[in-house]
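In: give me coordinates for this.
(one chain, ligands or ions: 1)
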Amino acid sequence: MCGITGYIGARQAAPILLEGLSKLEYRGYDSAGLALLNGSEMDVRKKKGRVSVLAQEVKKHFFDSHLGISHTRWATHGAVTDANAHPHVSSCGNFAMVHNGVIENYENIKSFLLTKGYTFRSQTDSEALVNLIAYHYYKLPENSENRFLESVRRALLHLEGTYGIAVICRMQPDEIIAARKGSPLIIGIGDSERMVSSDVLGFSGRARSVIYLDDGQIAKVTADSCEVVSANNELVPYVTNSVDWELDSAELGSFSTYMEKEIFEQPKVIENAIRGRISDDASTAVLNGLNMTPSEMRQIDRILFCACGTAWHACLVAENLIEKYTRIPVEVEYASEFRYRNAPLDKNTLAFVISQSGETIDTLEALRESRRKGFKTLAITNSVGSTIARESDGGLYQHAGREIGVASTKAFTSQITICILIALYIGRMRDLSFAQGKEIVGALKALPSAVEETLKLAPELKKLAGKYCKYHDFLFLGRLDEFPIALEGALKLKEISYIHAEGYPAAEMKHGPIALVSPECPTLIFANSGDIFNKVISNAQEIKARKGPLIIVTDSPDRFPEGLADDVVVIPKVHESVRPVVSTIPIQLLAYYIAQQLGCDVDKPRNLAKSVTVE
Ligand code: G6P
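Out: Reported below is the predicted structural model:
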C-alpha cells in the first residue's frame, strides 16, 4: 500500500504530484507529503490526513520547482503523525525519499547508522533507508560515475523486505532514482517529462507510454531519458508499453461515491467479462487467455485457488461451481497462508490466483511459490500490466474498468462471472452435456439484465438500511453457493460501516453463532430455490424462535410462511450457475446504504487500503 508519484519536466511539479497523489489515495490515506527541488534548494511538506490537507499546505507555500516526489501513506511502522509521513529526509538534509513497502531489517540498519552519527526523526522503517543511501553516497568518490544511482543500488543490497522507492538528491537536481522489489513502480513517459508512480492512475493521463520496472531494477529518470540497471549494476534493456486511458476513466458522474457508481456499473461489467468468451454454437466458453490446449486441460486432476479478501470469496464461489460442473476437486487457500504453508500438491494441479489489483503481495507471492514448484499458474485480474498479470502463465482479464472504492463490488461479481466461464469451459470437456452447456451460456447472457433488475431494489434496501443501521452486530447466513456471499455480505458491512458482522453456513450457525441471536442482532439469510430450500427455511425459523430480527433474501417468497421474516427482499429467479452474482447485489446495497446512513466515508473506510502491497 502507500502511493508514490514523482515528476521531472518543464511544468510546475507540485500540482502534478498532488493530482497524481489524489488518484492514488485508494492505496492509503493516513498522511501525505511531497519534496520539491529547485537547484540545490529542497522544500518538504508533509501532513497527517488526506491529500487535500497537504494540498492546502502546499498552496500556502509556493515553491518554484520542476522536480519532486510525493507519497500518500498507509501506516505500517510508526503511528499516523506528521513526522512519520513521507518523504523522509536524510539527517544531512540532502536526500529525500518516498517508500512503499516494509524494510524488515531496519533496526539493524538504524543501529549501524546511529554509530556513524546519523540521527532519526521518525519511528518509520523508511528513514533507515534514506540515511543508508546518504551513507553510501558519501563513501563513493566525489567524481564517481552515476554516484547517486550507485549509492541507492548499494544501499538496496543490504535491505531485507519490500520496496518501491523514489529518491531525490540536492546535489543531483535533475534526476529521480526509482527502484522496486515487491512493490509496484512504473515510469511514465510524456513529452520532455517523465513521471514515476505506483500505478498508471497516478500519471493522470499524462503518460504516453510506460515502463514497468521489474523486481530488483533501479532507474535513473531525467526529463527526457531513463536508464535502468539491475541489482548487479548491468544495464537492462526495457520495453515501453502504451496505456489505455479509457479504462482508467475515474469520473464520478451523477453518483455521490465511487462505491455507488461501481455497484451500478455491474450489468456492464458482467457484459464485459463475458464479451468474446462464448463459443459460436453458444454451448461453451472460449478462454484463449488460459494458454492451455484441451488435451492439457483434460490432464488436470486438481485445481487450486489463492487470493485475499473479497477475491478469496470469489474463489469459494469458484470452488462450488467448478466441482459441480467438472467434478475436479478444488482447493481454496488464503494466499497469505499458502505462501508459507508448503501445502502438498498433486502433480497435475492447475493453480489460479484472483486479484483485482494484480498487486496484492500475498497473492503475488502465492503465485510465485506455485510457479517455483512447477505448477501452471493462471491469474484472474482486473489490472492489465500488473505484476500478477505479468508473472502468471496466462489468465483472464476482468475488463471491469478501474475500481476505486476501497470496498470491492464490481470486481467481485466480475470475478465470479469469469469463474462461471471457467467452470463451463472445463465442465464441457468433462461431464457437462451440450444441452447443459447451452443452458449455462443462456444464463450468462441473461445475467446483465437480471443484475439490472436486481439493482432496482436500491430504494427498498435504502429503506431497510434506515431500519437496520442502529444495530451493532449482524449475521449473514447462506448455504452452498450462497455461503461465500454470506461471507462477502459480512465483510462489506464490516469494512464500510464498522458494524460487527459474521458470515456463516446457515446450518452451522447452530454450533456457536446462534448464541449471538437476540432482538439486538439481526440476521440476513439467503433462501433461494433449490434442493435445500426447506432446510434453509428451518434455519430461519430457528432465528425467529429466538426473536432475532430477520431479513430473508429470496427468489421464492411464496414458499415460506408470511410473517416468518421481518423483511423480505425478492431477487429475480435465475439459473443456479449465475445466482451468486444476483444474490450479491442486495448485500452490497444494504452495506452501502447502512454506511451512508451512519455517515461513514464509504470510499475510504478507516484503516483499509485498496491494494495491500505489504505482508
Ligand atoms: C484489500 C482490499 C479488499 C480486497 C483485497 C484483495 O484488503 O481492501 O477489498 O479484496 O485487498 O485485493 P486484490 O486486489 O488482490 O483483489
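In: any idea which element residue 484 lies in?
Out: Take DSSP states H and E as the rule and residue 484 turns out to sit in helix 483-497.
In: for residue 171, grab phi and psi.
Out: For residue 171, the backbone dihedrals are phi -80, psi -10 (criterion: degrees, to the nearest 10).
In: hmm, back to that, how about the helix holding residue 484, does it get close to the ligand?
Out: No: if you take CB under 6 Å from any ligand atom as the test, helix 483-497 misses the ligand, and the best it gets is 6.9 Å. (Glycine included, C-beta is placed from N, CA and C.)
In: next one: that helix to chain centre, how far?
Out: 16 Å (CA atoms, centre = their mean, to the nearest Å).
In: right, and the helix or strand after that helix?
Out: Assigned by DSSP H and E, the successor of helix 483-497 is strand 500-505.
In: the ligand contacts on the chain?
Out: Going by CB under 6 Å from any ligand atom, the residues of the chain near the ligand are 308-311, 355-357, 360, 363, 406-408, 608, 610-612.
In: that older thread, who are the packing partners of the helix holding residue 484?
Out: helix 309-326, strand 473-478, strand 500-505, strand 523-527, helix 579-597 (3 or more CB pairs under 8 Å, 6 or more residues apart in numbering; DSSP states H and E).
In: restricting to C-alpha, output the shortest one in CSV.
Out: Same thing as strand 523-527. The C-alpha trace of strand 523-527 is given here as CSV (Å, rounded to 0.1, in the frame of the first residue of the first chain):
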residue,chain,number,x,y,z
THR,A,523,-29.7,-11.9,10.6
LEU,A,524,-29.8,-11.8,6.8
ILE,A,525,-30.3,-15.2,5.3
PHE,A,526,-30.4,-16.3,1.7
ALA,A,527,-33.2,-18.8,0.9
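In: what's the first helix or strand after that strand?
Out: helix 533-545.
In: off-centre distance for the helix or strand that that next one is followed by?
Out: Using DSSP H and E, the next helix or strand after helix 533-545 towards the C-terminus is strand 550-554. Counting by CA atoms, centre = their mean, strand 550-554 is centred 30 Å from the centre of its parent chain.
In: just to revisit the earlier point, turn the helices and strands packed on helix 483-497 into TSV, columns for mean neighbour count and mean pLDDT.
Out: Below are the helices and strands packed on helix 483-497 laid out as TSV (neighbours: other CB atoms under 10 Å; pLDDT from 0 to 100):
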stretch	mean neighbour count	mean pLDDT
helix 309-326	23	97
strand 473-478	26	97
strand 500-505	22	96
strand 523-527	29	97
helix 579-597	26	98
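In: in the stretch 51-200 of the chain, which residue sits closest to the ligand?
Out: residue 74 (10.4 Å; CB to the nearest ligand atom).
In: that residue against residue 24, yeah?
Out: No: with contact defined as CB atoms under 8 Å, residue 74 does not reach residue 24; the gap is 10.6 Å.
In: list the buried ones in the helix holding residue 484?
Out: Across helix 483-497, burial judged by 16 or more other CB atoms under 10 Å covers 483-497.
In: for residue 109, give me its contacts.
Out: Residue 109 sits next to 103, 128-129, 131-132, 158-159 when contact means CB atoms under 8 Å, 6 or more residues apart in numbering.
In: okay, now the unreliable bits of the protein?
Out: Applying pLDDT under 70 to the chain flags the ranges 244-250.
In: walk me through the domains of it.
Out: Listed domain ranges for the chain are 3-243, 246-455, 457-603 (source: automatic domain parsing).
In: tell me how far the ends of the last one are from each other?
Out: So that's domain 457-603. The straight-line separation of the ends of domain 457-603 (CA to CA, to the nearest Å) is 21 Å.
In: over to stretch 393-409?
Out: 26 Å.
In: stretch 593-605 too?
Out: 14 Å.
In: repeat for stretch 600-607
Out: End-to-end distance (CA to CA), stretch 600-607: 13 Å.
In: where does it sit relative to the chain's centre, distance-wise?
Out: 15 Å.
In: what about the residue in the stretch 451-600 of the chain that the ligand sits nearest to, distance to residue 198?
Out: Relative to the ligand, the nearest point of the stretch 451-600 of the chain is residue 495 (6.9 Å; CB to the nearest ligand atom). To residue 198, residue 495 is 22 Å away according to CB to CB, to the nearest Å.
In: again, but for residue 518
Out: For residue 518 relative to residue 198 (CB to CB), the value is 45 Å.
In: need the contact list for the closest residue to residue 399 other than its chain neighbours.
Out: Using CB to CB, 6 or more residues apart in numbering and skipping residues adjacent in sequence, the residue nearest residue 399 is residue 272, 4.2 Å away. Residues near residue 272 by CB under 8 Å, 6+ apart: 398-401, 414.
In: residue 68: which of those is nearest?
Out: Set against residue 68, the nearest of those by CB to CB is residue 401 (29.9 Å).
In: am I right that the closest one is in a strand?
Out: No: counting by DSSP: H, G, I helix; E, B strand; the rest coil, residue 401 is not part of a strand but coil.
In: I'd assumed residue 470 was in contact with residue 520.
Out: No: if you go by CB under 8 Å, residue 520 and residue 470 don't touch, sitting 9.7 Å apart.
In: of the contacts of residue 272, which is the most crowded?
Out: residue 414 (30 neighbours; other CB atoms under 10 Å).
In: from the chain's centre, how far out does the helix or strand where it lies sit?
Out: Here residue 414 sits within helix 410-428, counting by DSSP H and E. Its chain's C-alpha centre and that of helix 410-428 lie 19 Å apart, by CA atoms, centre = their mean.
In: next, the angle helix 579-597 makes with that helix.
Out: With axes from the mean of the first three to the mean of the last three CA atoms, to 10 degrees as the basis, helix 410-428 and helix 579-597 are set at 170 degrees to each other.
In: can you give me the buried ones in helix 410-428?
Out: 410-428.
In: same check on stretch 179-194?
Out: 179-190, 193-194.
In: in CSV: those residues, plus secondary structure.
Out: Formatted as CSV, these follow (three-state DSSP):
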residue, secondary structure
179, strand
180, strand
181, strand
182, strand
183, coil
184, coil
185, coil
186, strand
187, strand
188, strand
189, strand
190, coil
193, strand
194, strand
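In: for the closest residue to residue 525 other than its chain neighbours, name its beta-bridge partners.
Out: Nearest non-adjacent residue to residue 525, counting by CB to CB, 6+ apart: residue 477, 4.4 Å away. Note on residue 477: beta-bridge partners by DSSP bridges are residue 504, residue 525.
In: my guess is residue 477 meets residue 506, correct?
Out: Yes: shown here, residue 477 and residue 506 form a contact pair, counting by CB under 8 Å, at 4.0 Å.
In: now do the shared contacts for the two.
Out: 486, 525-526, 539.
In: what helix or strand is residue 8 on?
Out: For residue 8, the host element (DSSP H and E) is strand 3-9.
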